[in-house]
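Q: mind looking at a prediction? Sequence and model below.
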Amino acid sequence: MSYFDVASTAPLHPVARQALNAALDEGWADPARLYRSGRQARMLLDAARETVAEVLGARPDEISFTASGTQAVQLGILGALAGRRRTGRHLVHSAVEHSSVLHTAELHAASGGEVSEVAVDRNGLVTTRDFAAALRPDTALAVLQSANHEVGTVQPVTETAAAIGGVPLLVDAAQSTGRLPVPAGWSLLTASAHKWGGPAGVGVLAVRKGVRYVSPLPADEREGGRVPGYVNLPAVVAAAASLRAVRAEAERENARLHALVDRIRAQVPRLVPEVEVVGDPVRRLPHLVTFSCLYVDGEVLLTELDKAGFAVSSGSSCTSSTLTPSHVLAAMGVLTEGNVRVSLPYGVAEADVDRFLTVLPEVVAGVRAPLGLDLPAPGPGPGPVLDSLVLDTLGKRCPLPVIELAKRIGTVPVGGTVAVLSDDEAARLDIPAWCEMRGQEYLGEAPAADYGRDRGSAYLVRRAG
């Protein structure tokens, strides 16, 4: 099995395994105690904190360990908002943040706070101008990820921090920590050990000196009062050791991974018909590439790739776990169906990437085959040519509404319109994205009631060629 999903979680680094085993023997005692084994545990904890601080460009007393990257984000946002309550209760974040940010923002809004979301372009990139324009006199906190978890786009953190002045900036650096240099300008920073090859269950919350922070949880004397409870000391030691190791390897390995991802980005559109590579082609993580295949069910595609020996991930809306489109792909305005995310591990063999590029076209073709697709360039199809056409796909899930549109648009002349009736939320995103990919004109949305239906919406498309 070729594991191409380190953006979800990386395999345990050999250095982490060694450090974990050693710390289980030597770091089992309570580091808050004064007896010998307690002092030894405290020395290990202090050394781990210093290592993480060095990599992040922080002071050791600015570093706290949490139970996960998600908890670090939640505590960071809520603590910073509580610390700056006198300034106001306005929170700003980009539209493509991790769900931990979005859910915390929802909680903040439900408790009376206000939230502004900054849009991104088709590559998933925010502009410093737009981010700064979202600020208000009562803005207490801004949140911007270092790099996107689904498409790999690296955000302009340093430029944004300079543009927003005195407003604290929380940077979710989960995907970039250990791989890229930490961007300058952050006020709070979060990371997650299992993303860089450390053990699961260790997150990092860094809070700069001078940033007002009030713990949203009951008081506790551990971890600078920011994170209550007993830290998993052996896991923290392993996380710090592996972070130092991967950072030392990063410069050499990043260049190699970048070249392999360039190969995937270039070859997939040549090998697979009707596919779009998404994410910024330049400002991106070195190891991650995402593409979306038209007329493909995402879950089926991932299952077939798994059978072929490749573990990849998906932001597709069409999975058994959710019928809600990926908020990242939706914000970018790109196709949300048939989405594949490939994130390469350190040490991946070039032969494995070449084999993936050989297998992928066969797998996609096999997934499309049962759908009965016959998609030549749009031209007059069988049967009468109509000036307008209504396609009733109510009750059908993606990618079926888009497939029906692709099959039938040739039955209207150039300038003719097709109304696709659908009650699938993904259609609102995927039909405009299909039009962008296929050079057709998307006219907008109308109530399905205009076409005599009691539910759903009508998505209007004009044939351009």
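A: Yep, it's here. All values reported here derive from a predicted model rather than from experimental measurement.

Q: helices of this structure, residue ranges please.
A: 14-26, 36-56, 69-83, 99-110, 128-133, 157-163, 233-271, 298-307, 327-332, 350-368, 400-408, 427-438 (DSSP state H).

Q: could you dump these to CSV with distance to L391?
A: Yep, even glycine has a C-beta here, placed from its N, CA and C like the rest. Output for the helices of the chain, formatted as CSV (distance: least, Cβ to Cβ, whole Å):
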stretch, distance to L391
helix 14-26, 53
helix 36-56, 53
helix 69-83, 41
helix 99-110, 33
helix 128-133, 36
helix 157-163, 43
helix 233-271, 28
helix 298-307, 22
helix 327-332, 22
helix 350-368, 19
helix 400-408, 5
helix 427-438, 11
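
Q: can you put those helices in JSON lines and add mean pLDDT, distance to H93 and mean neighbour count?
A: Below are those laid out as JSON lines (pLDDT from 0 to 100; distance: least, Cβ to Cβ, whole Å; neighbours: other Cβ atoms under 10 Å):
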{"stretch": "helix 14-26", "mean pLDDT": "95", "distance to H93": "31", "mean neighbour count": "17"}
{"stretch": "helix 36-56", "mean pLDDT": "96", "distance to H93": "21", "mean neighbour count": "18"}
{"stretch": "helix 69-83", "mean pLDDT": "97", "distance to H93": "9", "mean neighbour count": "24"}
{"stretch": "helix 99-110", "mean pLDDT": "97", "distance to H93": "6", "mean neighbour count": "17"}
{"stretch": "helix 128-133", "mean pLDDT": "96", "distance to H93": "9", "mean neighbour count": "16"}
{"stretch": "helix 157-163", "mean pLDDT": "97", "distance to H93": "11", "mean neighbour count": "19"}
{"stretch": "helix 233-271", "mean pLDDT": "95", "distance to H93": "26", "mean neighbour count": "19"}
{"stretch": "helix 298-307", "mean pLDDT": "91", "distance to H93": "26", "mean neighbour count": "18"}
{"stretch": "helix 327-332", "mean pLDDT": "93", "distance to H93": "11", "mean neighbour count": "23"}
{"stretch": "helix 350-368", "mean pLDDT": "95", "distance to H93": "34", "mean neighbour count": "17"}
{"stretch": "helix 400-408", "mean pLDDT": "87", "distance to H93": "30", "mean neighbour count": "21"}
{"stretch": "helix 427-438", "mean pLDDT": "88", "distance to H93": "20", "mean neighbour count": "22"}
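
Q: of all the ones you listed, which lies closest to A193?
A: helix 233-271 (3.6 Å; Cβ to Cβ).

Q: who does the closest one touch, helix- and strand-wise?
A: On a contact count with 3 or more Cβ pairs under 8 Å, 6 or more residues apart in numbering; DSSP states H and E, helix 233-271 meets helix 14-26, helix 36-56, strand 275-278, strand 288-293, helix 350-368.

Q: and the third one, what does it pack onto?
A: Using 3+ Cβ pairs under 8 Å, 6+ apart, the elements in contact with strand 275-278 are helix 233-271, strand 288-293.

Q: out of the ones you listed, flag the one nearest V92.
A: Nearest of the helices and strands packed on strand 275-278 to V92, taken as Cβ to Cβ: strand 288-293 at 25.5 Å.

Q: how about residues contacting the closest one?
A: Identification of contacts with strand 288-293 by Cβ atoms under 8 Å, 6 or more residues apart in numbering yields 7, 150-152, 175, 261, 264-265, 268-269, 272, 274-279, 301, 315-316, 329, 334-344, 364, 433.

Q: out of the helices and strands packed on helix 233-271, nearest to S99?
A: Across the helices and strands packed on helix 233-271, closest to S99 is strand 288-293 (Cβ to Cβ), at 16.7 Å.

Q: parallel or antiparallel, list what pairs with that closest one.
A: In the sheet, strand 288-293 lines up against strand 275-278 (antiparallel), strand 339-343 (antiparallel) (DSSP bridges).

Q: hang on, the earlier thing: separate out the buried members of the contacts of strand 288-293.
A: 7, 150-152, 175, 261, 264-265, 268, 272, 274-279, 301, 315-316, 329, 334-344, 364, 433 (16 or more other Cβ atoms under 10 Å).

Q: in stretch 184-203, what counts as buried?
A: Using 16+ other Cβ under 10 Å as the test for burial, stretch 184-203 gives 185-203.

Q: same deal with stretch 162-174?
A: 163-164, 167-174.

Q: and if you look at stretch 217-224?
A: By 16+ other Cβ under 10 Å, the buried positions in stretch 217-224 come out as E223.

Q: now do it: everything it contacts.
A: Applying Cβ under 8 Å, 6+ apart, the contact partners of stretch 217-224 are 32, 61, 64-66, 75, 207, 225, 227-231.

Q: what about 10 Å?
A: 31-32, 45, 49, 61-66, 74-75, 78-79, 205, 207, 213, 215, 225-231 (Cβ atoms under 10 Å, 6 or more residues apart in numbering).

Q: and that stretch, how far apart are its ends?
A: Between the start and the finish of stretch 217-224 there is a gap of 13 Å, counting by Cα to Cα, to the nearest Å.

Q: what of stretch 434-452?
A: End-to-end for stretch 434-452, by Cα to Cα: 25 Å.

Q: buried set for that stretch?
A: So stretch 434-452, judged by 16+ other Cβ under 10 Å, has buried residues 434-435, 437-438, 440, 442, 448.

Q: taking those residues together, which two end up most distant?
A: Largest pairwise distance in the buried residues of stretch 434-452, by Cβ to Cβ, is 24.5 Å, between M437 and A448.

Q: and the residue nearest the centre of the chain?
A: H149 (2.6 Å; Cα atoms, centre = their mean).

Q: list the contacts for the residue nearest to it when sequence neighbours are not counted?
A: The spatially closest residue to H149, leaving aside those adjacent along the chain, is Q175, at 5.2 Å (Cβ to Cβ, 6 or more residues apart in numbering). Listed by Cβ under 10 Å, 6+ apart, the contact partners of Q175 are 6-7, 69, 98, 145-150, 152, 154, 191-192, 195-196, 285, 287-288, 343.
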